[in-house]
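In: when you get a sec, could you give me coordinates for this:
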Amino acid sequence: RQSGRRYNLFLKRRLRIDKRHQSKDSIFFRDGVRRIDFVLSYVDDLNKEWEKKLERRKEFESNLQKAGLELETEDKKESEDGKIYFVKIHAPWEVLITYAEVLNIKVPIKENDIPSMVENPLDCMLAPLRLPEKVMHPEPDYFTAPFSKEKQELYLINDESTFFSPSMRNRIVNYILTRCPYGTEEGKKKFGIKRLLNNGTYSAAYPLHDCQYWKKANDPNCDNERYTLYMEWARFLRFYKEQPLDLIRKYYGEKIGIYFAWLGFYTEMLFLAAVVGLICFLYGLFTMDENMSSKEICDPAIGGEIIMCPLCDRECEYWRLNTTCGSSEYSHLFDNVATLFFAIFMGIWVTLFLEFWKRRQARLKYEWDLVDFEEEQQQLQLRPEYEAKCTQKKKNPVTQEMEPYLPITSQAVRFCISGATVLFWVSLIIASMIAVIVYRLAVYAAFASLMENTQTLQPISGLLTPQLATSVTASCLNFVIIMILNFLYERIAIWITDMEIPRTHMEYENRLTMKMFLFQFVNYYSSCFYVAFFKGKFVGYPGAYTYMFNRWRNEECDPAGCLIELTTQLTIVMAGKQIWGNIQEAIVPWICNWWGRRKARNNPENLYSRWEQDHDLQTFGALGLFYEYLEMVIQFGFITLFVASFPLAPLLALMNNILEIRVDSWKLTTQYRRPVAAKAHSIGVWQEILNGMAILSVVTNAFIVAFTSDMIPRLVYYYAYSEDEDSPMSGYINNSLSVFQISDFPDRNKPKLNPENLVICRYRDYRYPPDHERKYLHTMQFWHILAAKLAFIIIMEHVVFVVKFFVAWMIPDVPADVKAKIKREKYLTQKILHEYELEKLKERLCQGDKLATEKEFIATEGRMELSRAM
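Out: Residues are numbered from 1 along each chain as shown. Sure thing, here's the model as predicted:
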C-alpha cells in the first residue's frame, strides 16, 4: 500500500511537470510575459464561515478586476500541501500610469548632467571598504517630475514593462488593495485587504522576491537584485563594506532605505565614541595601582583595622573595610578623572551625531527625490481604517471636497481612555521597580549572612560582596520583568492606538511611537535611575536609619561608591537586551522558516513555486521597522544617559550594531517576505526623541559625576582637607567615614552578636562623632561637598549646552552643494516642462484655435522668464 502511494505521488508530480515546461520558480504569469506584482493566498476550509468568505473573495476579486488589475489563480492541487490557493495579481500599463498620477510618483525626464562631487583624496585608502559601482548605483541619476498621463512622451519610457520598478509596482497595487471594497456587512461598507486578512478571508498578501537569495534566477528578464543584496550586503563577512543604499532603496523602498542609512551612519559615529571610551577605560586600568583610595581600603593596617557598622538589622555582623578590597579596585576602572572628560565629550559627540545626520538626511532627500515629499505624504497616506470608521463628513477647507472626520467629542473620549491606559501601565512599571527594590532590601541580609557563614565562598568574598551579589541578581530579575512587561504592553499600545483612529499613516506611527517609547523609557531606564540617583542617598545613619514602608532598611552604597553597581546594572540590562534582541530577530525566524519548509526540501525545484517559497517565509509587518528603530533608540539612551558610569558602553553598542546591520539585512533578504515599498523623507518622530534624549543626557551625566561617583568628594578633600603635601589623597578613606558609638544602637538595629566587644564602628557619611556637641549632625565638610556638587552640575551643564548649541549653529542642516543642486534641478525641471508645454502649444497653433492658444503661449513664456529670474 505504501509503495502504491509513492507511485501515485510520483505520477502526480510527473503530471505537474508535464503541465508546465517552464520552472514555477518564476515571477511571471503562465504566459511568461505579465509580471506578478502581488500575491494573495487563502485556504478553502469548510467551516461555518466558508460561504461568507467565498462571497467576500468573489466580490473583492471582481472589484480588483474592475479596477483594471489582472488576476491568475493557482489551484490548491498545484500547491505543496494541496490546501492553499494563490491569486497572482498583475498591474497592466494603464493601471500603473493612472495610479502613478494619483500617488504623485516622480519618474525620469532627463539624465542628470550636474557634475558629481569632487573626488576625495582618501578614496584610494578607503577602496577596500567600497562596493562595485554597479552595486552602489544600480541606475543612472535622473531629473524627475511627477507623472502625468497627458505628458507621457515627456518621460524617458524605453520599455513599458520596466519603466516602473518592482517596488513602485507593488506600492501601487497595495494602494488599490487597501481601498478596494468587498461588500456591505451590518449596514456598513467594508473594504481593504487588511480587514480580509484579519477575518481570515485571505491568509496572506505580499509582493514577490525577484529570485532565490543564494543563486541567480534562470529567467534572463529577472534583475536578481535579491541575490546581489545577499552576496554584497547581507552576509556577515561583508561587515566592513559600505552599504548599497541606492539598491536597498530601489528594492525595498525609501522607508527601509532611510532606516539602514541612519543605522549605518549611527554605527560610523559610534566608532569615534568607542575609541575615546576605550582610552578612558584603559586610563582607569593603567592607573588602578596608583589609586590611593583602594590602596588604603586594601591595606591591612588601614582598611583591615577599620570596623564597619552592620549593613542590615540584627542578623548582619560587624565587618572589616578591607573585605571590599576587590570591588574598590574595580570601581576605579570607571570612577576616575577620565569619567568627567568622557561625560563632557559624549555631550558634544551626541550633538555632532545629530547635526551631521541632518546633513546626511538632506543629501539622501535630494538623491532619492524626496525634497517635496512632506506635503504629498499628508494628502496620500489617509488610512483606510479612518475612512471606514468615520461615518460623518465635512468639507476640507483646502480641497473644498467632502471627507470623513472624527467629531471632537469622540476624539476627547478616545484620548482620555488612551491616556488612562498608558498611565496605568507606566504605574505598573514603577510598581514592579519598587518590587525589585524591596527584593534588594529583603535578600541583602540573606546574602550577607550566607557569605559570612559559608566557608566555600570565602575565597571570592573580596570580589563578590553582598552588595554586588544583590545588585547582579536584582538586575537579572529586573531584566526578566522588563521583557515580560514589554511583551504585554506592545499589544496594548497597538490596541489603544487603533482605538484612537488616527487620520494618516504618519499620525498612526507617531502616536504609537510616543506611547511605546514612553513605556520603554520608564521600563528600561527606571532601574538605572534608581541606582544612579536614589540608592545610598536616603540611608540615614546608625541608630536612625530610614526604612521603606517602615519595614525594609534602605540600601547603602559600597564604601568605594555606587558607580560600580550602576555599571553592573547598565551592563546586564544593555547586553541582555542586545543578546535577546538578536536571538528574537535572527534565530526565531530562521527556526520557523526551517520548520515550515521541511517538506518542500524534498521536492523538485521546478515544483516549488516562487509564490510558495515566499509564502513559507515570515511576515515583515507594518510595524517591523518600528521595532528596529525602537531597539536602536533605547540603545542610544544607554550610551548617552548613563555613559559616565560605563565608558565601554559605546564600544559594546558599536560591536552590536556591526552585527545588527548584517542581522537585519540577512533576515530581511532571506527570512522575510518582501515588504511593501513605502516612502519616507526622514526618520520621523524618532529625530525629536533623539534630540530630547541628547539634552537629557547632559543633565543625567552631570548628576552621575556629581552624586553617584566619588569624584567631587575626592576633589574637595584634595584641595581643602588634605594634610599631607607629599601624598594629598592619603587619609581620604578615614576622612570619608564617620564614627558611631555601638551603645547608641536601638534594639531594632543592634546586631545579635558582638564577639570582639567593639565600642565603635564606622559608616559612610560626613557627621560629627558621638563625643561632639553636635552629635551625629552633618559636618561642615558635608555642606562644602554638597555645594561643590551643585556648582559642578551648573557649570558642566552650562559649558556643555553652550558648546552644543554653538556646534549646532555652526553646522548647517543642509550642505551648500545640496542646496545648489536642489535649486538647479528645480530650475532645469521647470525649464524642461515649460519647453514641452511650448512645443505642445506650437502644435496647437498650427492646427487652429489660434486666439486661446496664443494667450496660453504668452503665459507659458512668461513662466519661463520668471523661472529663469528665480
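In: which elements pack onto the helix or strand where F86 lies?
Out: In the assignment (DSSP states H and E), F86 maps to strand 84-90. In terms of contacts (3 or more Cβ pairs under 8 Å, 6 or more residues apart in numbering; DSSP states H and E), strand 84-90 is packed against strand 38-43, strand 70-74, helix 610-615. All C-beta spots, glycine's among them, are computed from the backbone N, C-alpha and C.
In: need the contact list for the residue positioned nearest the centre of the chain.
Out: Most central in the chain under Cα atoms, centre = their mean is Y629, positioned 1.9 Å from the mean C-alpha point. The contact partners of Y629, taken as Cβ atoms under 8 Å, 6 or more residues apart in numbering, are Y259, T513, I683, W686.
In: next up, the contacts around the last one.
Out: When you say that, I think you mean W686. W686 makes contact with T513, Y629, V633, according to Cβ under 8 Å, 6+ apart.
In: ditto for V436
Out: The contact partners of V436, by Cβ under 8 Å, 6+ apart, come to A474, L477, N478, I481, S527.
In: report the mean per-residue pLDDT for stretch 299-312.
Out: Average pLDDT, stretch 299-312: 88.
In: so which bits of it are buried?
Out: Neighbour counts using 16 or more other Cβ atoms under 10 Å place D299, I302, G303, I306, I307, M308, C309, P310, L311, C312 of stretch 299-312 among the buried residues.
In: which SS class is Y182?
Out: Three-state assignment for Y182 (DSSP: H, G, I helix; E, B strand; the rest coil): strand.
In: and the strands in the stretch 101-250 of the chain?
Out: Counting by DSSP state E, counting those that start in this stretch, one finds strands in the stretch 101-250 of the chain at the ranges 106-111, 142-146, 181-185, 188-191, 204-206.
In: any idea which of those is most buried?
Out: Neighbour counts (mean count of other Cβ atoms under 10 Å) averaged over each of the strands of the stretch 101-250 of the chain peak at strand 204-206, with a mean of 21.
In: any idea how far F519 lies from F626?
Out: 13 Å (Cβ to Cβ, to the nearest Å).
In: neighbour-wise, which of the two wins?
Out: Taking other Cβ atoms under 10 Å, F519 and F626 do not tie; F519 has more neighbours (21 against 18).
In: these two touch, right, the more buried one and A493?
Out: Yes. Here F519 reaches A493: they are 6.8 Å apart, a contact under Cβ atoms under 8 Å.
In: what do these two both touch?
Out: Joint contacts of F519 and A493 (Cβ under 8 Å, 6+ apart) are V422.
In: what about M402, distance to L103?
Out: For M402 relative to L103 (Cβ to Cβ), the value is 21 Å.
In: which one of the two has more residues nearby?
Out: The neighbour count for M402 versus L103, taken as other Cβ under 10 Å, is higher for L103 (18 against 10).
In: that one against N174, yeah?
Out: No. Look at L103 against N174 with Cβ under 8 Å: they stay out of range, at 10.6 Å.
In: W783: which element?
Out: Counting by DSSP H and E, W783 is part of helix 780-810.
In: now do that helix: which elements does it pack against?
Out: Packing partners of helix 780-810 (3+ Cβ pairs under 8 Å, 6+ apart): helix 337-367, helix 686-703, helix 711-716.
In: now mean pLDDT too, for the ones you listed, in CSV please.
Out: Putting the helices and strands packed on helix 780-810 into CSV (pLDDT from 0 to 100) gives the following:
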stretch, mean pLDDT
helix 337-367, 91
helix 686-703, 92
helix 711-716, 90
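In: go through the ones you listed and name the closest to P650.
Out: Proximity to P650 (Cβ to Cβ) singles out helix 337-367 among those, at 7.9 Å.
In: the closest one to helix 780-810, inter-axis angle?
Out: Calculated by axes from the mean of the first three to the mean of the last three Cα atoms, to 10 degrees, helix 337-367 forms an angle of 20 degrees with helix 780-810.
In: circling back: which among the contacts of V436 end up buried?
Out: If you count burial by 16+ other Cβ under 10 Å, the buried members of those come out as A474, L477, N478, I481, S527.
In: residues contacting the last one?
Out: Applying Cβ under 8 Å, 6+ apart, one finds that S527 lies in contact with M433, V436, A474, S475, N478, Q569, V573.
In: is the fifth one in a helix, a strand, or coil?
Out: Put plainly, it is N478. What three-state DSSP gives for N478 is helix.
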